[in-house]
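Novice: Provide a 3D model corresponding to the input given below.
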Amino acid sequence: MKITDMTSECIGKCLNYLSFDDLLRAAISNKKLNNAANLIYEQKYRSKRVEMHILSRLHSNYFMTENRFCFYSLRTSFQFLFCFGRQVNEIHISYIPRYVIPGENGVQNENNVELTHRAIDYANDYCAESLRTIKFTRIQDASRYMKRPFINLENLEFYDCNFTDLVEYNLLNALFPKVQKLVLKTINKNLDQPCTLKFIEGRFAHLKSLHIESNSYSKFHHADEYCILKGNLVTAFRLNPQLKELDLDLFVNCHVFQSNDVLLVINYLQNLDSLSLAIDDTFCSLLDSSVPPLMYFRNLKKFSLNMQLSTESRAIQFTSHQLDTFELHGVDRFTNYEYEFLEKHPTITKLILRGGHFERLNLSRIAAALPILEQLMIFDHFKLKIEEIVPHWSKFQSLKLLCFFHTKIVKDSDLKPLLINGWHGRFCNSPNKFQIILKR
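Specialist: The predicted model follows:
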């Protein structure tokens, strides 16, 4: 009697005892075992993320953790996707030029670029209908190796990827018709010539979240390249007024997107409820006029602003009547400009301060400006003293969370003046950082 002569239920019970290696061998052997193996995969492994870092001359095929598969062998990747690809929801594909194999005396292996491209091809063949999230890292012209659309993909991410001019004109909206979140991040400063994002110049019917971050646009050699990039961004905003979340960090030390460009497209961004911007002196040049323009967002509820300014602070010319969360980065000291912004937005319930070197903070003025503030979180170099907080503690009537760094090592007795009216807290003393978290 062969195993295939058994009922599907009996086969499933037998396969349930197999290791993943043996389950994969069973799944690839014939259709009946494949169907039974897919049921076992769905029960045991479907929630795992799939990562593919294809390397040549590697003895280890893959490893598995509690929440992910990581494949190194192209052959094993093909077998896995061929058998279980229709159940894979999330996949990460990375190109690794050189890799040190753990446990093999630091032997370095050269990766063949073509192997990574073939991995993309396999994912496109066997996961085009099942994938909801796909992430590419350090791959050039990733979209070039896709023959069919990922019809149900919702989250698309590119990290340190490059695109040649030819591929840029293959608009992403055709390959990913239902994408809801698009992330384009270039963190590697050694990346070759940056692209002009021509491929996002289209209508994405379902796009809700767009994140673009790059520190490589200062490599543009001609003003025309900046103009092309700017034009592509403007077109993308104009064709996608349904955007709910925008994270744009292109500005520092280059001239890609300035305040007058925001004013040009602001009417198309009125559905945003979350906005994150990085601005520098160039961005603020238009704000030097005697009556700087006010940038109003009708539905904005969350606003993160990274101010990389070489001079004194400037007035924050963004506003919304529904602002709930405000996060401020990079300000060296709190001036009237920052306090005035808070006073104009009494709807804020969550305030986050990062990256400054503040010595003093007018807590009384913050409490008066934000009567319904529930969370105040202060990070990085901004340090407070407990004795500075105590006189103003009762003024924060709605506050439920305070997180800050103290200037010295904290003891239990130090917190006693703050542990009143239902407050309780804890502290963490680590090298150079003494964090206090208070809740009620």
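
Novice: Off-centre distance for the host helix or strand of residue 303?
Specialist: According to DSSP states H and E, residue 303 maps onto strand 302-308. Averaged C-alpha coordinates place strand 302-308 at 15 Å from its chain's average position (CA atoms, centre = their mean, to the nearest Å).

Novice: so what does it touch, helix or strand wise?
Specialist: Other helices and strands packing on strand 302-308, by 3 or more CB pairs under 8 Å, 6 or more residues apart in numbering; DSSP states H and E, are strand 274-280, strand 325-329. Quick note: C-beta positions are derived from backbone N, CA and C, even for glycine.

Novice: For that strand, output the C-alpha coordinates as CSV.
Specialist: Taking Å, rounded to 0.1, in the frame of the first residue of the first chain, the C-alpha atoms of strand 302-308 are listed here in CSV:
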residue,chain,number,x,y,z
LYS,A,302,-0.7,64.0,13.2
PHE,A,303,2.3,66.2,12.3
SER,A,304,6.0,65.4,12.6
LEU,A,305,8.4,68.2,11.8
ASN,A,306,12.2,67.8,11.5
MET,A,307,13.8,71.2,11.5
GLN,A,308,17.4,71.1,10.3
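
Novice: For that strand, which outside residues touch it?
Specialist: Strand 302-308 has contacts (CB atoms under 8 Å, 6 or more residues apart in numbering) with 247, 249, 251-252, 273-280, 313-314, 316, 318, 320, 323-331, 355.

Novice: go again using 7 Å as the cut-off
Specialist: Strand 302-308 has contacts (CB atoms under 7 Å, 6 or more residues apart in numbering) with 252, 273-280, 316, 318, 323-331.

Novice: which helices and strands sit right next to the helix or strand where residue 404 lies?
Specialist: Element membership for residue 404 (DSSP H and E) is strand 401-406. Contact partners of strand 401-406 among helices and strands, from 3 or more CB pairs under 7 Å, 6 or more residues apart in numbering; DSSP states H and E: strand 375-378, strand 383-384, strand 433-439.

Novice: residues of the longest one that come out buried?
Specialist: Yep, that's strand 433-439 we're talking about. Residues of strand 433-439 classed as buried by neighbour count (16 or more other CB atoms under 10 Å): 434-436, 438.

Novice: of these, closest to residue 365?
Specialist: residue 438 (20.1 Å; CB to CB).

Novice: Spell out the secondary structure type for the closest residue to the closest one other than its chain neighbours.
Specialist: Sequence neighbours aside, residue 425 is the residue nearest to residue 438 in space, at 3.9 Å (criterion: CB to CB, 6 or more residues apart in numbering). Three-state assignment for residue 425 (DSSP: H, G, I helix; E, B strand; the rest coil): strand.

Novice: try residue 69
Specialist: Here residue 69 is recorded as strand under three-state DSSP.

Novice: quick one: it from residue 77, how far?
Specialist: 10 Å (CB to CB, to the nearest Å).

Novice: Who has more neighbours out of the two?
Specialist: residue 77 (24 against 21; other CB atoms under 10 Å).

Novice: The more buried one touches residue 120, doesn't it?
Specialist: No: the pair residue 77 / residue 120 is not scored as a contact, 10.6 Å apart, by CB atoms under 7 Å.

Novice: Quick check: pLDDT value at residue 289.
Specialist: With respect to pLDDT, residue 289 scores 52.

Novice: 708 is where my numbering starts, stick with that
Specialist: Sure, I'll start numbering at 708, so the last one becomes residue 996.

Novice: For whichever helix or strand comes after the strand holding residue 1010, name the packing helices and strands.
Specialist: Sequence order places strand 1025-1026 as the next helix or strand after strand 1009-1015, per DSSP H and E. Packing contacts for strand 1025-1026, counted by 3+ CB pairs under 7 Å, 6+ apart, involve strand 1002-1003.

Novice: The strand it packs on pairs with which strands, and in what direction?
Specialist: Applying DSSP bridges, strand 1002-1003 is found paired with strand 1025-1026 (parallel).

Novice: quick one: average confidence on the partner strand?
Specialist: Here the average pLDDT along strand 1025-1026 is 92.
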